[in-house]
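Chemist: Could you work out the structure for the sequence below:
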Amino acid sequence: ALDAEVAEGRAENRSDAVRRGIAHLQRSRRYRDEDRRLEGLARSGEAVYPDLDGLLDADHPPLD
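Modeler: Prediction:
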């Protein structure tokens, strides 16, 4: 798999492929943890993005 990443140009060398793989795993874990947190807020009825509450209720000119 490492050699394929290099051969297909997605990594400069095997070490780069390993670094990219680890970074991908870390991002995936972070996104999964954030999704769980947001799902918990939504289930409990709390605002998921409180700074956006009321945004659609505001009086805005129509979009063309």
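
Chemist: Where is the longest helix in this structure?
Modeler: helix 14-44 (DSSP state H).

Chemist: Just checking the distance from that one to the centre of its chain.
Modeler: Distance of helix 14-44 from the chain centroid (C-alpha atoms, centre = their mean, to the nearest Å) equals 7 Å.

Chemist: Helix, strand, or coil at residue 10?
Modeler: Under DSSP: H, G, I helix; E, B strand; the rest coil, residue 10 falls in the coil class.

Chemist: Go through stretch 2-21 and flag the buried ones.
Modeler: Residues 5, 11, 17 are the ones in stretch 2-21 that count as buried (16 or more other C-beta atoms under 10 Å). In this view, the C-beta of every residue, glycine as well, is placed from N, C-alpha and C.

Chemist: how many other residues sit next to residue 42?
Modeler: A count of nearby residues for residue 42, using other C-beta atoms under 10 Å, gives 11.

Chemist: how close does it get to residue 35?
Modeler: Separation of residue 42 from residue 35 (C-beta to C-beta, to the nearest Å) stands at 10 Å.

Chemist: swap in residue 18?
Modeler: For residue 18 relative to residue 35 (C-beta to C-beta), the value is 26 Å.

Chemist: Would you mind measuring from residue 21 to residue 56?
Modeler: Per C-beta to C-beta, residue 21 is found 41 Å from residue 56.

Chemist: ok, now residue 29?
Modeler: Distance from residue 29 to residue 56, by C-beta to C-beta: 32 Å.

Chemist: So which of these two has more stuff around it?
Modeler: Neighbour comparison, residue 29 and residue 56: the larger count goes to residue 29, with 10 against 7 (by other C-beta under 10 Å).

Chemist: okay, that one: pLDDT?
Modeler: Listed pLDDT for residue 29 reads 96.
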